[in-house]
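[1] Please find the sequence and the predicted model below.
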Amino acid sequence: MKLLRSSILLALLLPLAGAAATNFLFIHHSVGDGWLNAGELAVQLTALGYQVNDATYGDAVGGPNAFGLNPLGDYTDVCHWYWWFNHTMDATLAWDCAPGDSNRIVMFKSCFPNSVIYEDGIAPGDPTNATHSTWNHKAAYLSLTNAFAAHSNTLFIAVTAPPVKRGSDYDPANAARCRAFHNWLRTEYVTEYRAATGLRNLAVFDLFDILAAPATLPRNANALAQRYCTRDSHPNPRGSRAATGAFLPFLRATLAYEAGGALASNRYLVGVQAMLKAASRTCTVKAYLDSASGAAAGDARVWLGATLIQIFPAASWKNGKNRVTNPDRTKALLKITTKAPPQLQLQVVLPSIPAGPLPLRLELGNSAVYVVDLLP
């Protein structure tokens with residue numbers, strides 16, 4: 001059953017021969033531009049059969065508007081989504097498409113200043129208020145429910161705002177408040193939308209979580225991770241590629257669920273460092289885990305797409321390490337460090353090296369499932 005389920009998930013994103021490209025709109029600013037280009041998101045989506053459209057600085061989506069956001073592409077703060085989707089939805093869905101076509105997927109992201117949430121604010125909040133408070137941000141997304149529900153054939157993907165770098169408006173309390181808001185957006189907000197509407201056309205990709213230092217770090221918690229830093233809060237190409245590596249399995253799981261499948265409980269590896277030695281087909285991955293509790297309580301399994309490539313038996317765990325010598329004499333290692341923040345190190349020999357991204361799936365002994373696509 002696991003092989004069949006994995007095959008279905010992978011097939012959902014494969015382009016059909018001769019089929020027209022599916023329109024995918026991304027509303028963004030500079031971090032999104034880096035993600036599309038240096039992060040290779042546009043290349044990967046195009047390879048999967050998508051026509052990647054974008055709306056950004058200077059784009060007059062919907063033409064001149066009466067609410068004073070001109071051109072609309074210049075305005076992508078959280079307080080602006082009310083106007084995009086409640087007053088400019090038709091123009092947004094048609095943006096960059098051929099006449100008569102529509103964007104099947106609409107993904108939208110605010111930039112890193114929106115991760116500086118200064119205060120909790122006052123309930124219920126104001127969806128168009130520019131003050132970065134938790135309640136105003138919640139009100140902004142809650143104001144979109146009816147607009148999204150009225151377009152049930154469109155998949156809307158809200159992307160959380162990326163973290164700021166230490167020294168660039170970074171404050172530990174504000175950053176912790178931001179992570180808490182994004183956790184609410186990814187969980188409660190989506191769950192309540194689906195329960196209220198009976199629809200599956202809304203998902204949240206937590207870019208903040210992918211790029212931020214773990215919340216349990218004693219210093220710089222929830223800031224842009226050091227390995228992804230530039231001179232400011234724009235992630236470097238390594239960070240943009242990490243975002244793509246997390247987004248591709250997220251999109252597969254989201255489309256499978258939208259099509260009627262079970263809700264995936266996948267988690268996404270963060271702070272990923274990966275190395276592939278082509279000659280030996282050895283793949284090494286280091287990353288943070290959200291929790292290591294019980295991870296060594298049972299067998300661990302590693303999948304490459306639909307293929308099970310390695311089992312780490314429960315009996316082989318010793319002092320947080322699981323070393324295996326396979327029948328073909330290849331060696332594998334899984335190491336889990338429980339000290340906060342918990343980390344893993346994985347080393348396996350691949351049966352072959354695919355031409356595109358490597359879709360890895362790691363099942364731990366505590367039933368946690370972690371996924372990542374490693375870009376070539």
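    Great, that's in hand. Owing to the predicted nature of the structure, the values given are computational and were not obtained by experimental measurement.
[2] And the top helix by length along the chain, what's buried?
    Secondary structure assigned by DSSP state H gives helix 237-258 as the longest helix of the chain. Within helix 237-258, the residues that qualify as buried are 238-258, counting by 16 or more other CB atoms under 10 Å. All C-beta spots, glycine's among them, are computed from the backbone N, C-alpha and C.
[3] likewise stretch 157-175?
    Applying 16+ other CB under 10 Å to stretch 157-175 flags 157-166, 168, 170-171, 174-175 as buried.
[4] ok, now stretch 215-235?
    215, 217, 220-225, 228-229, 233-235.
[5] Present those residues as CSV; the columns should include secondary structure.
    What follows is the buried residues of stretch 215-235, written out as CSV (DSSP: H, G, I helix; E, B strand; the rest coil):
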residue, secondary structure
215, coil
217, coil
220, coil
221, coil
222, coil
223, coil
224, strand
225, coil
228, helix
229, coil
233, coil
234, coil
235, coil
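[6] Just the closest of the buried residues of stretch 157-175 to residue 129, please.
    Of all the buried residues of stretch 157-175, residue 129 sits closest to residue 161, with 16.2 Å by CB to CB.
[7] Can you verify my assumption that the closest one contacts residue 109?
    Yes - Residue 161 lies in contact with residue 109 (CB atoms under 8 Å); the separation is 6.9 Å.
[8] between those two, what contacts are shared?
    Residues touching both residue 161 and residue 109 (CB atoms under 8 Å, 6 or more residues apart in numbering): residue 207.
[9] Quick one: low-confidence residue ranges for this protein.
    The chain contains residues with pLDDT under 70 at 1-19.
[10] any idea where the helices of it begin and end?
    2-11, 30-36, 41-47, 81-87, 89-94, 134-142, 145-149, 172-184, 190-197, 207-211, 237-258.
[11] And the fifth one, what's buried?
    In terms of neighbour count (16+ other CB under 10 Å), helix 89-94 has its buried residues at 89, 91-94.
[12] and it, what does it pack onto?
    strand 22-27 (3 or more CB pairs under 8 Å, 6 or more residues apart in numbering; DSSP states H and E).
[13] hmm, who's touching the strand it packs on?
    Counting by CB under 8 Å, 6+ apart, residues outside strand 22-27 touching it are 32, 36, 45, 49-56, 73, 76, 84, 92-93, 95-97, 101-109.
[14] so what's residue 362 up against?
    Taking CB under 8 Å, 6+ apart, one finds 269, 300-303, 344, 346, 369-371 in contact with residue 362.
[15] now do 6 Å
    302, 370 (CB atoms under 6 Å, 6 or more residues apart in numbering).
[16] hmm, back to that, I'd like to know which of the contacts of strand 22-27 are buried.
    32, 36, 45, 49-56, 73, 76, 84, 92-93, 95-96, 101-109.
[17] tell me which residues form a beta bridge with residue 285?
    Counting by DSSP bridges, residue 285 is bridged to residue 274, residue 346.
[18] what's the spacing between it and residue 311?
    Relative to residue 311, residue 285 is positioned 17 Å away (CB to CB, to the nearest Å).
[19] who's more crowded, these two?
    residue 285 (23 against 16; other CB atoms under 10 Å).
[20] Quick check, that one in contact with residue 346.
    Yes - using CB atoms under 6 Å, residue 285 and residue 346 qualify as a contacting pair, with a distance of 4.5 Å.
[21] Give the burial count for residue 279, as a bare number.
    Residue 279 sits with 5 neighbouring residues when counted by other CB under 10 Å.
[22] With adjacent residues omitted, what lies nearest to residue 65?
    Computed as CB to CB, 6 or more residues apart in numbering, the closest residue to residue 65 that is not its neighbour in sequence is residue 72, at 6.4 Å.
[23] My error: substitute residue 196 in the last question.
    residue 145 (6.8 Å).
[24] For residue 331, which residues count as its bridge partners?
    So, taking DSSP bridges as the rule, residue 331 has residue 325 as bridge partners.
[25] Run a quick neighbour tally on it.
    Counted by other CB under 10 Å, the residues lying close to residue 331 total 12.
[26] swap in residue 65?
    Neighbour number of residue 65 under other CB under 10 Å is 17.
[27] Repeat that for the one 5 residues further on.
    Other residues near residue 70 come to 14 when the count uses other CB under 10 Å.
[28] Next one: the nearest residue in space to residue 39 that is not next to it in sequence relative to residue 158, how far apart?
    Spatially, and ignoring its direct neighbours in sequence, residue 39 is nearest to residue 240 (2.8 Å; CB to CB, 6+ apart). The gap separating residue 240 from residue 158 is 19 Å, by CB to CB.
[29] close enough to count as contact, the residue nearest to residue 39 and residue 40?
    No - using CB under 6 Å, residue 240 is not in contact with residue 40, being 7.8 Å away.
[30] mind listing what the residue nearest to residue 39 touches?
    Applying CB under 6 Å, 6+ apart, the residues near residue 240 are 34-35, 38-39.
[31] May I see those organised as CSV, with neighbour count and distance to residue 275 added?
    CSV is the format used below for the contacts of residue 240 (neighbours: other CB atoms under 10 Å; distance: CB to CB, whole Å):
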residue, neighbour count, distance to residue 275
34, 21, 23
35, 26, 22
38, 17, 19
39, 26, 19
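[32] So which of these is the closest to residue 355?
    residue 39 (18.9 Å).
[33] so how far is residue 328 from the closest one?
    Distance from residue 39 to residue 328, by CB to CB: 36 Å.
[34] on that earlier part again, count the residues that sit near the residue nearest to residue 65.
    Neighbours around residue 72, by other CB under 10 Å: 25.
[35] again, but for residue 120
    14.
[36] residue contacts, the closest residue to it other than its chain neighbours?
    In this structure, residue 120 finds its nearest non-sequential neighbour in residue 134, 4.8 Å apart by CB to CB, 6+ apart. Listed by CB under 6 Å, 6+ apart, the contact set of residue 134 reads 117, 120-121, 181.
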